[in-house]
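Chemist: Quick check, what structure comes out for this input:
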Amino acid sequence: MTIDRAVMAFAGTAILVSLALAQLHSVTWLLLTAFVGLNLLQASMTRFCPLAIVLKRLGVKPGQTFS
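Modeler: Sure thing, here's the model as predicted:
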């Protein structure tokens with residue numbers, strides 16, 4: 001798995017978990033959904049992603065976007 005795919009998988013998982021928590025516990029969990037969405041948007045424009053930096057340091061193979 002490349003860093004690009006790992007970032008997308010992590011973001012998708014975080015969004016789904018936050019939506020489930022918003023349904024089960026509190027609507028405040030939707031702030032996590034908004035944060036992930038905004039982070040994906042800014043990463044698409046700036047190519048800066050904190051998760052990609054962490055994954056690179058952990059030795060995950062770089063992809064096309066976050067190399």
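
Chemist: what does stretch 3-17 rub up against?
Modeler: Stretch 3-17 has contacts (Cβ atoms under 8 Å, 6 or more residues apart in numbering) with 1, 32-33, 36-37, 39-40, 43, 49, 51-52, 55-56, 60-67. Heads up, the C-betas are built off the backbone N, CA and C, glycines and all.

Chemist: how long is stretch 49-62 from one end to the other?
Modeler: Start-to-end span of stretch 49-62 (Cα to Cα, to the nearest Å) is 13 Å.

Chemist: From the chain's centroid, how far away is it?
Modeler: Offset of stretch 49-62 from its chain centre (Cα atoms, centre = their mean, to the nearest Å): 12 Å.

Chemist: could you check the distance from the residue most central in space within the chain over to Leu38?
Modeler: Central residue of the chain (Cα atoms, centre = their mean): Ala11, 3.1 Å from the mean position. Per Cβ to Cβ, to the nearest Å, Ala11 is found 11 Å from Leu38.

Chemist: what's in contact with the host helix or strand of Leu31?
Modeler: Using DSSP states H and E, Leu31 sits within helix 30-46. The set of residues external to helix 30-46 that reach it, using Cβ under 8 Å, 6+ apart, is 7, 11, 14-15, 17-19, 21-22, 48-50, 52.
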